[in-house]
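> What would the 3D arrangement of this be:
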Amino acid sequence: MQLGIGGWQVPRQGVKVCRERATHILTVTDITEMGLDAAADFALEKALDGTDCVYISFDIDCIDAGFVPGTGWPEPGGLLPREALYLLKRIVREAPICGLEVVEVSPPYDISDITALMATRVICDTLAHLVVSGQLPRREKPAYIHPEATPEMVGDWR
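Numbering: from 1, shown residues only. Here you go, the predicted model:
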């Protein structure tokens, strides 16, 4: 299951289409009205339904444009950095994570590298939460890796 953190500022028409297709989407308004914990619970419930692991796609432009100007789609009224990092913490600590990507960082638009610093913080926080939650270091090959995968493809698990 892929869980996207970001892209919360979907245009109204896009939200309508997503909801018509039964896609689960939370806007910034949804998140602020329901609260961060309820939003994290909702995301975890959907992401963990019938899955072995969760791949996180963190869209940097979910954060307010004042904090991350170096993106192709700066969004006024986005999440505060601490809100986005809190949602990330809840998800990483409570779900088996198999991967992370940080997208929409655009260095040519970045001012004083603050967007790159935020992206770095997302990656470092994710690694730290994986350690705290016991997901790293891996002691054995995760169950979601195909049993016939060779060590050359997946690395040494010790």
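
> Can you list the residue ranges for strands in the protein?
Along the chain, counting by DSSP state E, strands occupy 2-5, 54-59, 97-103.

> Let me know which of these is the nearest to residue 42.
Nearest to residue 42, of all the strands of the chain, is strand 2-5, at 11.0 Å by CB to CB. In this view, the C-beta of every residue, glycine as well, is placed from N, C-alpha and C.

> one step back: buried deepest among the strands of the chain, which one?
Highest mean neighbour count among these (mean count of other CB atoms under 10 Å): strand 54-59, with a mean of 20.

> count of residues packed around residue 73?
12 (other CB atoms under 10 Å).

> which helix in this structure runs the most residues?
helix 114-132 (DSSP state H).

> And for that helix, what's in contact with it?
Applying CB atoms under 8 Å, 6 or more residues apart in numbering, the contact partners of helix 114-132 are 56, 58, 60, 63, 67-71, 81, 84-85, 88-89, 92-93, 97, 100, 102, 105-107, 109-110, 136-137.

> and the residues you listed, which are buried?
By neighbour count, with 16 or more other CB atoms under 10 Å, these hold 56, 58, 60, 63, 67-68, 70-71, 81, 84-85, 88-89, 92, 97, 100, 102, 105-106, 110 as buried.
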